[in-house]
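**Student:** A predicted structure for the sequence below; I have some questions about it.
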Amino acid sequence: MVLNRVAKSPDIVSIRNILVSTADKTGLGEFVSGVLAICPEATVYSTGGTFALLEKLIPVGNLRAVSSYTGQPEMQGGLVKTLDYRIYLGLLSEPYNPDHLRDIERTNAISFDMVVVNLYPFMEQITRSPDDLEGARANIDIGGPCMIRAAAKNYLRVASVTSPGVYEQIIAEMRATSGGVSLATRYRLACSAFRHTAEYDTAIADYLAKVSHPEEAYETE
């Protein structure tokens, strides 16, 4: 396997396609509405409860269900929503890479410029119910960390937004750049994104390591 080394990256990336799936929806409606006020032609791709919220808050012409893009319904319990080849083409395709552009064209995939994702509340769950192993297991996010890591790795052209605390800063920069996000900001967001997923995984590993008799949580056959 030969790893790609990228020598050229755009500075300001215009926001056209946004992938949104959040557990913490604080300020999300205002943020997405703010993005669309600056970039009225942008399309928001979303899932589950996030889609249901945004459906009430933004123009229907700017919103698309991820399932309508992937051609697959969400798995019961929301276990599989975004783990899809074309989604990850759209997250990981590198700028100025002709092979990646051909893959995008071949599959009719969308290149995502921004990912707005935060994770199932695992830490809150284990704090509230420390002895509930199954509750903890159910709150282990899979698709969210995958999207965050893919977007953060490709900070060359994708903004990875993982905290409502940065919404105002991003809107301010987009206003100043007529709808774009700079490489410096994308890099800073990527650093925060990797820290977010690292802390999340550490919390999961630490919690599971303390459970000495997992079989007691279940009826076994």
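**Tutor:** That came in fine, so what should we check first? Numbers count the residues shown, from 1 in each chain.

**Student:** Need phi/psi at the residue nearest to residue 143 when sequence neighbours are not counted.
**Tutor:** Distances taken as CB to CB, 6 or more residues apart in numbering place residue 82 nearest to residue 143, at 4.6 Å, with adjacent residues excluded. In this view, the C-beta of every residue, glycine as well, is placed from N, C-alpha and C. Geometry field for residue 82 lists phi and psi as phi -120, psi 0, criterion degrees, to the nearest 10.

**Student:** Okay, residue 82 and residue 36: tell me how far apart.
**Tutor:** Distance of residue 82 to residue 36, given as CB to CB, to the nearest Å: 21 Å.

**Student:** cool, residue 200 as well?
**Tutor:** Distance of residue 200 to residue 36, given as CB to CB: 29 Å.

**Student:** related to what we said a few turns ago, higher neighbour count, residue 82 and residue 36?
**Tutor:** residue 82 (26 against 20; other CB atoms under 10 Å).

**Student:** my read: that one touches residue 19, true?
**Tutor:** Yes - assessed by CB atoms under 8 Å, residue 82 is found in contact with residue 19 at 7.4 Å.

**Student:** Need the residues touching each of these two.
**Tutor:** Common contact partners of residue 82 and residue 19 (CB atoms under 8 Å, 6 or more residues apart in numbering): 66, 147.
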